[in-house]
Structure formats: C-alpha cells, structure tokens
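>>> Predicted model and sequence follow; I will ask about them next.
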Amino acid sequence: MKKLSMPLAMFAFLLFFFVNKSEAQTADAAKVVPATESYFIGKWKSMFKGVPQGDTEVTIVFEKKEGKISGSMIDPKTNAITNFDAVEVKDGILSTKFTAQGYEVSLSLKKKDDDNLEGSMMEQFDVTGTRIK
C-alpha cells in the first residue's frame with residue numbers, strides 16, 4: 001500500500017501545482033485594466049495584417065482637442081494622411097471609421113498592455129500597435 005500511495009501523492013501534488021500555475025497566468029492576463037481615452041492619446045506604430053495589399057504599416061495618431069478625441073493615420077511611405085471620422089471610446093474599446101478607396105472602413109482598438117494595443121479592421125483584419133515614445 002505504501003508503494004502505491006507515494007506515486008499517487010506525487011501525482012496529486014504535480015496536478016495541483018500545474019492547475020494553480022495555469023490559473024495564476026489567466027489571472028495575470030485578466031489584470032489588464034480597460035483603457036480610457038487618455039490611454040490612446042499619442043502616436044502608435046501600427047500594422048494592419050492580412051489586408052489585400054499585404055501587411056501594411058501606418059502611424060496612427062490620436063489627440064484630444066476641445067475635450068474631444070480625434071485621430072488620423074499616416075502612411076509612412078507617402079506621408080498621406082487619412083482622417084478618422086468619429087472616434088469613440090466605450091468600455092475600453094476605441095471605435096472609429098474612415099474612408100479608403102471609396103469604402104467606409106471600421107477600426108476597433110483595445111489596450112493590450114501599457115504600450116501596446118490590438119484590434120481589428122472591419123472585424124476581419126488584425127491590427128497591432130506599439131506606442132511611439
């Protein structure tokens with residue numbers, strides 16, 4: 001009986017250890033506090049992934065003027081500026097729209113951590129961004 005109880009005790013200990021470690025990692029990921037408008041203010045080196053023209057790098061800029069947040073995108077290759085229409089932050093998610101090639105395009109961004117954001121364009125293409133300091 002002693003020979004069997006020792007391996008069972010070790011198995012139970014290891015199972016407990018790995019389950020608790022997994023729960024701790026999940027809890028750490030859940031600690032990301034939803035973003036406010038002030039989080040998004042600034043410049044972001046961003047990447048639109050998987051778009052028809054291929055992965056596209058842009059600089060996204062958000063600023064607050066007269067109490068309202070606004071924004072734009074700058075193509076670093078051509079310096080072309082695309083202004084966002086209405087910009088809104090609700091429940092930690094920034095939502096906006098812009099016009100590209102005659103189409104209205106939606107953009108949704110959220111905080112990943114203090115200096116990184118993530119989201120989607122048209123709920124179809126992944127978007128990532130890193131704060132430019």
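Thanks, I have it. Because the structure is a prediction, the values reported are computed rather than measured.

>>> what ranges do the helices span in the chain?
Ranges of helices within the chain are 2-30, 37-40, based on DSSP state H.

>>> looking at those, which has the lowest confidence?
The minimum mean pLDDT among those belongs to helix 2-30 (a mean of 47).

>>> Quick check: the gap between the spatially most central residue of the chain and residue 109.
Central residue of the chain (Cα atoms, centre = their mean): residue 118, 1.8 Å from the mean position. In this view, residue 118 and residue 109 are 7 Å apart by Cβ to Cβ, to the nearest Å. Placement of C-beta: from N, CA and C, glycine included.

>>> so what sits against both of these two?
Residues touching both residue 118 and residue 109 (Cβ atoms under 8 Å, 6 or more residues apart in numbering) are 127, 129.

>>> Strands along the protein, start to end?
42-48, 56-65, 68-74, 81-83, 87-90, 93-100, 103-113, 116-121, 125-132 (DSSP state E).

>>> how about the ones you listed, which one is nearest residue 32?
strand 103-113 (6.2 Å; Cβ to Cβ).

>>> So which residues make contact with that closest one?
Residues outside strand 103-113 that contact it (Cβ under 8 Å, 6+ apart): 32-35, 39-40, 84, 92-99, 117-123, 127-129.

>>> Then stretch 54-68?
Contact partners of stretch 54-68, identified using Cβ under 8 Å, 6+ apart, comprise 37-38, 40-49, 69-76, 87, 94, 129, 132.

>>> ok, residue 98 to residue 112 distance?
Taking Cβ to Cβ as the measure, residue 98 falls 22 Å from residue 112.

>>> what about those two, which has more around it?
residue 98 (18 against 15; other Cβ atoms under 10 Å).

>>> Just grab the bridge partners of that one for me.
According to DSSP bridges, the partner residues bridging residue 98 are residue 105.

>>> so what's it up against?
With Cβ under 8 Å, 6+ apart, residue 98 has these contacts: 73, 82-85, 104-105, 107.

>>> Same list (those residues) but as a markdown table, adding distance to residue 62, neighbour count and pLDDT.
Rendered in a markdown table, the data for those read as follows (distance: Cβ to Cβ, whole Å; neighbours: other Cβ atoms under 10 Å; pLDDT from 0 to 100):
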| residue | distance to residue 62 | neighbour count | pLDDT |
| --- | --- | --- | --- |
| 73 | 10 | 21 | 98 |
| 82 | 13 | 15 | 97 |
| 83 | 12 | 13 | 97 |
| 84 | 8 | 21 | 98 |
| 85 | 14 | 13 | 95 |
| 104 | 19 | 10 | 97 |
| 105 | 17 | 17 | 97 |
| 107 | 11 | 23 | 98 |
